[in-house]
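>>> Provided below are the primary sequence and the corresponding predicted coordinates.
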Amino acid sequence: MKKRVFIFLGWIFTGLALIGVVLPILPTTPFILLAGWLFAKSSERYERWLKSTRVYKRYAVPFMEAGGLSFRKKAELLITVYSVLIVSGLLIANTHVRIFLGILAIVKFIVICRMPTVDHKKEMVNS
């Protein structure tokens, strides 16, 4: 039963990671790392598949090899996310949506800032 739950959650987080590739408001790297962990605990086949994907190789591998993100990468992420959130907030006049976007901006800031910061050169060497 536990194995099935982990597989199910692995697919959910893989899906969220894939959506995060297109929508900068979703954090791709944490979702793909979590999916990898869930598949490692439940299915060798799914784990091998995930590790062979371009998304895993592009987002998870550099993060794991460098041990975090450079300050520059964090700034790029925040600028991209905040640009999307600000444009969305300006285009949508619904107060509840604007509150949600504000909360999302705060959560995104906290998540990115809590990630380990590595030297930009280390991140580039390991990429």
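Ah, there it is. Numbers count the residues shown, from 1 in each chain.

>>> so where's this structure uncertain?
The model of the chain has pLDDT under 70 over residues 120-127.

>>> how about the strands in it?
Assignment of strands within the chain using DSSP state E yields the ranges 69-70, 117-118.

>>> List the neighbours of the last one that are in contact with it.
Counting by Cβ atoms under 8 Å, 6 or more residues apart in numbering, strand 117-118 makes contact with 66-71, 74, all of which sit outside it. C-betas here are computed from N, CA, C, even on glycine.

>>> if we go to 6 Å?
Outside strand 117-118, the residues that touch it by Cβ atoms under 6 Å, 6 or more residues apart in numbering are 66-68, 70-71.

>>> among those residues, who's most crowded?
Using other Cβ atoms under 10 Å as the neighbour test, the contacts of strand 117-118 are led by Ala66, with 21 neighbours.

>>> domain ranges for this protein?
1-66, 69-118 (automatic domain parsing).

>>> Can you say which of those is packed in most?
When those are scored by mean count of other Cβ atoms under 10 Å, the highest mean neighbour count falls to domain 1-66 (a mean of 17).

>>> Need the distance between the two termini of that domain.
Length of domain 1-66, first residue to last, Cα to Cα, to the nearest Å: 35 Å.

>>> Helices along the protein, start to end?
Secondary structure of the chain by DSSP state H: the helices cover 2-22, 28-42, 44-52, 54-55, 61-66, 71-91, 95-114, 120-126.
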